[in-house]
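Student: Pasted the sequence and its predicted model underneath.
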Amino acid sequence: MKLVTFQENNEEKVGVLKNDSVYTLSKLVELYNVSNNESVLMEDNMLSVIKNNDRDIAKVWDWAQSDFGQVSAAESSKNEVKISAPISNPGKVVCVGNNYMDHCIEQNVEPPKKPMIFSKWPSCIIANGEEIKLPKDSEQVDYEAELAVIIGKGGKNISEEDALDHVFGYTIINDVSARDIQFEDVQWVRGKSYDTFAPLGPVIVTKDEIEDPHNLDIKLEVNGKALQDSNTKNLIFKIPNIISYLSKGFTFEAGDIIATGTPHGVGVFRDPQVFLQSGDTCKIEIESIGTLENKVK
């Protein structure tokens with residue numbers, strides 16, 4: 001399933017995206033309950049859906065796909081609604097640095113022995129199609145294409161063997177970074193967390209649709225020019241290891257986001273360097289998930 005958060009008539013809703021149609025999840029549930037004499041409950045809020053309705057979503061969507069004619073009342077054209085960031089208020093956005101071997105090579109640094117961790121504030125999340133705004137106090141704003149993991153089931157001291165059971169799905173995040181601020185501060189949070197510095201989405205693909213999250217092509221273009229082109233098989237620390245490692249220190253909650261790192265080709269390590277400029281268009285594509293595109297202002 002490809003889940004989206006969208007705006008319709010000034011109301012936030014959760015939907016399932018299929019081709020060019022969005023099916024409002026709450027309406028699907030209503031139709032499902034009437035047809036099957038059940039009482040499934042589901043709120044129009046992505047965090048609530050992730051926390052409470054993992055199995056119910058699959059059950060309702062399997063029923064809907066058996067005959068789309070019966071759920072036409074829940075259908076809207078994708079072009080008629082405004083797609084928002086899939087999650088705008090996660091408890092945590094945890095990021096892993098230097099987690100691609102090719103990215104370490106371009107920096108001429110040794111790969112880390114343990115995951116290198118930092119965070120971004122949730123307030124910097126924006127949606128597909130919204131603008132990345134350049135701060136006045138930075139002249140070196142960079143892009144970073146990354147696979148993001150959405151936690152579905154919280155927990156602490158999670159084993160690597162059980163880690164993927166705690167994953168709800170996957171999406172795309174652009175870890176936009178003010179390099180001059182990042183390196184000046186030494187610790188990275190401020191340079192990574194300016195408003196609009198976390199484009200996210202446009203969809204969450206549930207984990208059952210991703211056969212292997214460690215074998216997905218990941219690409220980034222600026223103004224149509226390919227600058228990053230790699231595959232998640234090049235991740236140094238795989239997703240189960242990251243989840244297990246982090247959960248030893250803090251408790252994961254449903255809806256938390258893990259940005260798994262970026263591959264080679266970032267602007268600061270290119271020769272000559274490439275930084276985002278007003279008017280640029282930044283587009284990320286990850287296999288099996290889709291495309292995240294944002295203009296720069």
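Tutor: On my side now, so go ahead. Numbers count the residues shown, from 1 in each chain.

Student: low-confidence ranges in the stretch 151-297 of the chain?
Tutor: Residues of the stretch 151-297 of the chain meeting the criterion pLDDT under 70: none.

Student: How about stretch 287-297, which residues are buried there?
Tutor: 289, 290, 292, 293, 294, 296 (16 or more other CB atoms under 10 Å). (Each C-beta comes from the backbone N, C-alpha and C, glycine too.)

Student: Hmm, the first one is touching residue 216, no?
Tutor: In other words, residue 289. Yes - between residue 289 and residue 216 there is a contact under CB atoms under 8 Å: 7.5 Å.

Student: Give me the common contacts of those two.
Tutor: 147, 210 (CB atoms under 8 Å, 6 or more residues apart in numbering).

Student: what about the nearest residue to residue 221 once chain neighbours are set aside, neighbour count?
Tutor: The spatially closest residue to residue 221, leaving aside those adjacent along the chain, is residue 283, at 4.8 Å (CB to CB, 6 or more residues apart in numbering). Residues contacting residue 283 under the criterion other CB atoms under 10 Å number 20.

Student: cool, residue 34 as well?
Tutor: 9.

Student: With respect to residue 175, which of the buried residues of stretch 287-297 is nearest?
Tutor: Residue 175 lies nearest to residue 292 out of the buried residues of stretch 287-297, by CB to CB, at 11.7 Å.

Student: The helix or strand harbouring that closest one pairs with which strands, and in what direction?
Tutor: Taking DSSP states H and E as the definition, one finds residue 292 inside strand 290-295. For strand 290-295, the paired strands and their directions (DSSP bridges) are strand 281-286 (antiparallel).

Student: Buried by neighbour count: which residues of the partner strand qualify?
Tutor: Neighbour counts over strand 281-286 (16+ other CB under 10 Å) mark 282, 283, 284, 285, 286 as buried.

Student: Ok, stretch 208-215 next?
Tutor: Buried residues in stretch 208-215, counted by 16+ other CB under 10 Å: 210, 213.

Student: What of stretch 94-105?
Tutor: 94, 95, 96, 97, 98, 99, 100, 103, 104.

Student: and what of stretch 58-70?
Tutor: Quick answer for stretch 58-70 (16+ other CB under 10 Å): 60, 61, 63, 64.

Student: Stretch 237-253 too?
Tutor: 237, 238, 239, 240, 242, 243, 244, 245, 246, 247, 252, 253.
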